[in-house]
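Chemist: would you be able to build a 3D model of this:
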Amino acid sequence: MGFKMKIALCLSGYFSSLKDLDSRGQDGYAYIQKHILSKRKEGHEIDIFFHNWEPHLEALLLEAYQPKKYIIEPQIDFNVIAEKHHVSRKYLDPHGHLGTWTINSKQGHGYVGPERILSQYYSVQKSFELMREYEKENNFRYDSAIKARFDLGRINRTTSGPGKTNPWACQCIDFNPDYDMSKFYQVYWDLFNEGPADMWFYSSSENMASFATLYDKTLMEYLQLGSEYAKNVTEGWPQSSSNNFRSNEWLKPLTQRTSNLHQYPPSMVVNAILLMKWFLMDQGLWEKSELLKTEWE
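Modeler: Residues are numbered from 1 along each chain as shown. Below you'll find the predicted structure:
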């Protein structure tokens, strides 16, 4: 038997997906039990922290997950916050190129607006703030921390998987406590020119604690007009290619990467995949990455 780890599982967002109505939290719970919480049988300690927007599900969530700390609150209107900080659609998408998805709509087209990304990132940040509070209160650090969705293993199953537009099982996790937690684990796919698949990440607590700043940095820094992030989006996105969206420039030797970087239109500053890539680069996690090819089920 190997080293017994203390593991934090940080869940965030809605129990079931708002966009993918086939991605249900109860199925995600079964998946999480099988692929993460089952590690308890090997002697590992797993504590759960979560933030959620559905007060009517409080009893269900507490019974299922038995968290060390949690926050369940009504949905915050991030349109108001975005407007206050000059990062609303009015400022970042004045010509209406993004799409029709609102903060909690179940139907729409195109890309989501800043209010929906801020809602997602706020929830992620809160879950990791709870983890850090618990660590400080008890004077220890977790050996590993996992960022995940409540519907892990389920989201986007109609558009990804064998024979689909995205053949990679990005919603499925390969969590192995024996891996070196000084590395930052994320799923492999062929869209790293844009950024990572963000359904899950895991690493040491020291590395993952960066997510306790995700919302603040996005709101106060990245989305601000004229930010370094915004300039890179529109003037030349790091490790991208204007000729091949799926070339995964990041994984090539430096001498083989193209200098012809992709330039996105200004409205694409509001893009969760681009934002997550920038955040991981900014926090020094991108270059610590270890890529895992996960199995579809």
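Chemist: now the helix or strand encompassing residue 234, how far from the chain's geometric center?
Modeler: Using DSSP states H and E, residue 234 sits in helix 228-235. Computed by CA atoms, centre = their mean, to the nearest Å, the chain-centroid distance of helix 228-235 equals 21 Å.
Chemist: how about the helix or strand following it: buried residues?
Modeler: Counting by DSSP H and E, the element after helix 228-235 in chain order, helix or strand, is helix 272-282. In terms of neighbour count (16 or more other CB atoms under 10 Å), helix 272-282 has its buried residues at 272, 274-282. Placement of C-beta: from N, CA and C, glycine included.
Chemist: do stretch 230-244 as well
Modeler: By 16+ other CB under 10 Å, the buried positions in stretch 230-244 come out as 230, 232-233, 237-241.
Chemist: give the contact list for residue 37.
Modeler: Residues in contact with residue 37 (CB atoms under 8 Å, 6 or more residues apart in numbering) are 9, 46.
Chemist: for it, give me the pLDDT.
Modeler: For residue 37, the model assigns a pLDDT of 98.
Chemist: now do residue 17
Modeler: pLDDT for residue 17: 50.
Chemist: likewise the one 3 residues further on?
Modeler: According to the model's per-residue confidence, residue 20 sits at a pLDDT of 51.
Chemist: what's the answer for residue 34, then?
Modeler: Note on residue 34: pLDDT of 96.
Chemist: please tell me how far it sits from residue 296.
Modeler: 14 Å (CB to CB, to the nearest Å).
Chemist: which one of these two has more residues nearby?
Modeler: A count of neighbours by other CB atoms under 10 Å puts residue 296 above the other of residue 34 and residue 296, at 15 against 11.
Chemist: how much space between that one and residue 153?
Modeler: Distance check for residue 296 against residue 153: by CB to CB, it reads 10 Å.
Chemist: then residue 263?
Modeler: Here the criterion is CB to CB. By it, residue 263 lies 35 Å from residue 153.
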